[in-house]
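Peer 1: what follows is a predicted structure for the sequence shown.
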Amino acid sequence: MAWLLVVVAGMLETGFAVGLKLSHGFTRLWPTVAFCAFALGSFGLLTLSLRKLDVGPAYAVWTGIGAAGTTIYGMVFLGDLVSTLKIVSISLVIIGVIGLQLSGSAH
């Protein structure tokens, strides 16, 4: 259950990164509200998961999911550059996240 919280928190991290981009420096209300909601949810779920998980693997999985998700979202919806190297790199991040989830130990 704790790993599920980390995965959801990582997806919410994607949401707060995209909200931050769309807020244009906190000058647009609804993207700023979305940023705040996603950030609070992401940090809250990560905090709950850390009651059961080691901090290193949990944090790495959280940031890996957020980074990969944000990059993919940017390429698909925001017109970010798509390149072979970027896709290979995202794949490596995802493989690393899976490896860390498999190696993480619950207390």
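Peer 2: Received, thanks.
Peer 1: contacts, neighbours, all on C-alpha from now
Peer 2: OK.
Peer 1: for whatever helix or strand Leu40 lives in, packing partners?
Peer 2: Assigned by DSSP states H and E, Leu40 belongs to helix 29-49. Counting contacts by 3 or more Cα pairs under 8 Å, 6 or more residues apart in numbering; DSSP states H and E, helix 29-49 packs against helix 2-22, helix 55-77.
Peer 1: now tabulate those in JSON lines and tack on mean pLDDT.
Peer 2: Shown next, in JSON lines, are the helices and strands packed on helix 29-49 (pLDDT from 0 to 100):
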{"stretch": "helix 2-22", "mean pLDDT": "96"}
{"stretch": "helix 55-77", "mean pLDDT": "94"}
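Peer 1: now the ones you listed as JSON lines including mean neighbour count?
Peer 2: Supplementary listing: the helices and strands packed on helix 29-49 in JSON lines, determined by neighbours: other Cα atoms under 10 Å:
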{"stretch": "helix 2-22", "mean neighbour count": "22"}
{"stretch": "helix 55-77", "mean neighbour count": "19"}
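Peer 1: of all those helices, which lies closest to Arg28?
Peer 2: helix 2-22 (7.7 Å; Cα to Cα).
Peer 1: so what's the gap between that closest one and the chain middle?
Peer 2: Chain-centre distance of helix 2-22: 4 Å, with Cα atoms, centre = their mean, to the nearest Å.
Peer 1: what packs against that helix?
Peer 2: Going by 3+ Cα pairs under 8 Å, 6+ apart, helix 2-22 lies up against helix 29-49, helix 55-77.
Peer 1: if you set the cut-off to 10 Å instead, what comes out?
Peer 2: helix 29-49, helix 55-77, helix 84-103 (3 or more Cα pairs under 10 Å, 6 or more residues apart in numbering; DSSP states H and E).
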